[in-house]
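Chemist: prediction below, plus the sequence it came from.
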Amino acid sequence: MAVMRMGYVHARVTDLAEAKQHYANSLGLYETLAEDGKVYYKGWDEWDHHSVVLEEGGVGVVKFGFKVEYESDIDLIEKRAQDYGLSVERMSKGENPEVSDGIRFISPSEHVFEVYHAQTVIGTEVGTHNPEAFPRHLVGVGVPALDHALILAEDVRTMENMFRTVFDFFPTERVQTDLDDNDAHFIATWMTCNNQIHQIAVLEGPQSKLHHFAFKLGDWTEVGRAADLMSMDDIPIDIGPTRHGITRGQTIYFFDPSGNRNEVFAGGYPAYRDRPVNKWTPDQIAKGIFYHARELNERFTTVHT
Amino acid sequence: MPTVTIHPSGEVIYLEPDETVLSGLYKAGYAYTIGCRRGGCAICKVDCHAGSFHYNRPVADTVITAEEAVDGTCLSCRAVPENDITIELRGENVRLVNPFLRQMNEKARLRAEATAAAERTRRAGTTTKE
């Protein structure tokens, strides 16, 4: 296996103090480092040093980090990226605090992707030695981990090809104008490299933009409790709690204090490379996105950072 | 007591001090196209035709460009009026979704106007006696 998972999201926020209130006290991430106007977080069930980096100034996404299993995988992916026609640069250890050396490239969608093979291991908050089921004093929602991200791109098919070719990802679901892949225009694609239903999704839209990044939750009950906490903390909810027809995940979309969209996401069926791709036609996209309302709100396609 | 007048319908909405345009309109029972409510998505921009406002938080230059900062563009979720302002929505009008809040806002505005008028009268009276 080469790529194991999306390891980190690095986002911009207009006010770091307000962002810290949101990500640490409302969502319950653990701060692991703060330096140079950036703050680093991990969820309680993550063992690597950080999965979220926030940087003051602006909004939107700076870059995504994908973690590979072996150091040698870096060379493999560098070769594949170069063969695909991307210009790849090497990054050295410590360019990102507590992150190994690796590579960096800009995707056809003009997003920055980094690939690394190691981060300083901090350990989960329950440890590995006869661990308890969860930490006793979680803060707020208490999200265990980063889950996935949805980015926007002018050309979704090209992005799917890139993830397939360079990262060896495979699609699990798609919105496409024709059930025949060759004739179809791809409107959106959901992709992964393991049993997680998606790690990255791409929706047709302006280049370099972030639609949302999501945190994992366990089930409906946790999603419902998260929504209650969002009301208590006056966090603007975009939609939910509801279910996505696509991925079958249970969800709330909401906004951080700078207007970046976040999601909490639970469930989703297991993905397999040999499972046929679920295909949604544009007339059913509303049901695919919001399974209960079956109507897109005006924000889904227009609001991004 | 800043007010927001909505062009062209002429609705006048009373805002509490330091309240944003978006917050004031929603508290007065109105709705319109908004997104993140946190200054990041730029969907709630309106045009400011008269009066002045400032932003109560830093706004990313990807959200309000240098040109928009001076052309009357008003990011309504972060804009706090400094005096009475007149705005116009882009491609839609406000929708009244809670008439009870509208009534309360109207009463608050009339009360604030009466208080201000009484204060002016009192000052004028004092001046005369002196």
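Modeler: Perfect, I can see it now. Residues are numbered from 1 along each chain as shown, chains lettered A, B, ... in the order given.
Chemist: so how far is chain B from the residue of chain A positioned farthest from its centre?
Modeler: Relative to the centre of chain A, and counting by CA atoms, centre = their mean, the farthest-placed residue is A:Asn130 at 30.0 Å. In this structure, A:Asn130 lies at 42 Å from chain B, with CB to the nearest CB, to the nearest Å as the measure. C-beta: built from backbone N, CA, C; applies to glycine.
Chemist: got phi/psi on that residue?
Modeler: For A:Asn130, the backbone dihedrals are phi 50, psi 60 (criterion: degrees, to the nearest 10).
Chemist: could you check how far it is from A:Gly123?
Modeler: A:Asn130 sits 14 Å away from A:Gly123, taking CB to CB, to the nearest Å as the criterion.
Chemist: go on, A:Leu86?
Modeler: When distances are taken as CB to CB, A:Leu86 and A:Gly123 turn out to be 35 Å apart.
Chemist: if we can go back for a sec, and the residue farthest from the centre of chain A, what does it touch?
Modeler: Shown in contact with A:Asn130 (CB atoms under 8 Å, 6 or more residues apart in numbering or on different chains): no residues.
Chemist: B:Lys107 now?
Modeler: Here B:Lys107 is in contact with no residue (CB under 8 Å, 6+ apart).
Chemist: distance check, A:Pro270 against chain B.
Modeler: As defined by CB to the nearest CB, A:Pro270 lies at a distance of 33 Å from chain B.
Chemist: what's near enough to touch that residue?
Modeler: With contacts defined as CB under 8 Å, 6+ apart, the neighbours of A:Pro270 are A:195, A:197.
Chemist: ditto for A:Glu18
Modeler: For A:Glu18, the contacting residues are A:257-258, B:57, taking CB under 8 Å, 6+ apart as the criterion.
Chemist: wasn't B:Gly24 part of a strand?
Modeler: No - for B:Gly24, which was evaluated using DSSP: H, G, I helix; E, B strand; the rest coil, the result is helix, with no strand membership.
Chemist: show me the contacts for it.
Modeler: Under the criterion of CB under 8 Å, 6+ apart, the contact partners of B:Gly24 comprise B:4, B:13-16.
Chemist: give me the buried subset of the residues you listed.
Modeler: B:4, B:13-15 (16 or more other CB atoms under 10 Å in any protein chain shown).
Chemist: what's the most distant pair in those residues?
Modeler: Longest distance between any two of the buried ones among the contacts of B:Gly24 is 8.3 Å, between B:Val4 and B:Tyr14; criterion CB to CB.
Chemist: which positions in the stretch 151-300 of chain A make contact with chain B?
Modeler: If contacts are counted using CB under 8 Å from any CB of the partner chain, the residues of the stretch 151-300 of chain A sitting beside chain B are A:236, A:238, A:255-261, A:298-299.
Chemist: A:Phe169 and A:Phe265, how far apart?
Modeler: Distance from A:Phe169 to A:Phe265, by CB to CB: 18 Å.
Chemist: then A:Val61?
Modeler: For A:Val61, the distance to A:Phe265 equals 17 Å [CB to CB].
Chemist: ditto for A:Tyr41
Modeler: Applying CB to CB, one obtains 17 Å for the distance of A:Tyr41 from A:Phe265.
Chemist: on that earlier part again, save the contacts of B:Gly24 as TSV, and put in pLDDT too.
Modeler: Formatted as TSV, the entries for the contacts of B:Gly24 read as follows, by pLDDT from 0 to 100:
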residue	pLDDT
B:Val4	97
B:Ile13	96
B:Tyr14	96
B:Leu15	96
B:Glu16	92
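Chemist: tell me the one of these nearest B:Ala42?
Modeler: The closest of the contacts of B:Gly24 to B:Ala42 turns out to be B:Val4 (CB to CB; 19.4 Å).
Chemist: that closest one against B:Leu25, yeah?
Modeler: Yes - taking CB atoms under 8 Å as the contact criterion, B:Val4 and B:Leu25 are neighbours in contact, 6.9 Å apart.
Chemist: need phi/psi at A:Leu29.
Modeler: For A:Leu29, the backbone dihedrals are phi -70, psi 150 (criterion: degrees, to the nearest 10).
Chemist: so where's chain B shaky on pLDDT?
Modeler: With pLDDT under 70 as the threshold, chain B has low-confidence stretches at B:126-130.
Chemist: can you check chain A too?
Modeler: Scanning chain A for pLDDT under 70 picks out the ranges A:1.
Chemist: from it, which residue is nearest to chain B?
Modeler: Chain B sits closest to A:Gly259 of chain A, with a gap of 1.8 Å, by CB to the nearest CB.
Chemist: wouldn't that residue be in contact with B:Ile34 here?
Modeler: No - the pair formed by A:Gly259 and B:Ile34 falls short of the contact definition of CB under 8 Å, at 10.8 Å.
Chemist: those two - which one has more neighbours?
Modeler: A direct count of neighbours by other CB atoms under 10 Å in any protein chain shown for A:Gly259 and B:Ile34 places A:Gly259 higher, at 28 against 18.
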